[in-house]
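**Student:** Coordinates only, no sequence provided:
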């Protein structure tokens, strides 16, 4: 066969395939391949809470920290890995997967006096904008 004919047939098949795909799915190909935003955690909507916010160092003293992972529409996101960082004290488990409500629960054990600044990261990619502080006396 002639090389020009083969080239034209290949061009026709590619054009026909693209046309068929766009017609059948009625969406551009880029929209079909993007990750859906509803499953992406939002650094603005994700919340961090701690209780108590002020503790005295003694044996058995603990601070409970809750992280609620949400998307940009405030919908809870389950099965997301949350990593917590603190400037003071020791965090019990550092990588926790969120439950059905998008909640991950951590425990901070204070060791030295000062102000512990606590921050969170979701799936090692999204740094949560909100940070909290706990006063340790």
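**Tutor:** Ah, there it is. Keep in mind that what you see is a predicted model, and the values were worked out from it rather than measured.
**Student:** could you measure the residue sitting nearest the centre point of the chain against residue 11, distance?
**Tutor:** In the chain, the residue lying closest to the centroid (Cα atoms, centre = their mean) is residue 122, at 3.5 Å. Residue 122 sits 45 Å away from residue 11, going by Cβ to Cβ, to the nearest Å. C-beta: built from backbone N, CA, C; applies to glycine.
**Student:** and what of residue 20?
**Tutor:** Separation of residue 20 from residue 11 (Cβ to Cβ): 15 Å.
**Student:** tell me which helix or strand of this structure sits lowest on mean pLDDT?
**Tutor:** For the chain, counting by mean pLDDT, DSSP states H and E, helix 29-33 ranks last in confidence among helices and strands (a mean of 54).
**Student:** What helices and strands are in contact with the following helix or strand past that helix?
**Tutor:** Using DSSP states H and E, the helix or strand that follows helix 29-33 towards the C-terminus is strand 47-51. Under the contact definition 3 or more Cβ pairs under 8 Å, 6 or more residues apart in numbering; DSSP states H and E, strand 47-51 sits against strand 63-68, strand 114-122, strand 132-136.
**Student:** and residue 43, which of these is closest to it?
**Tutor:** Evaluated with Cβ to Cβ, the helices and strands packed on strand 47-51 place strand 114-122 nearest to residue 43, the distance being 8.0 Å.
**Student:** helices and strands around the closest one, which ones?
**Tutor:** In terms of contacts (3+ Cβ pairs under 8 Å, 6+ apart), strand 114-122 is packed against strand 47-51, strand 81-86, strand 126-127, strand 132-136.
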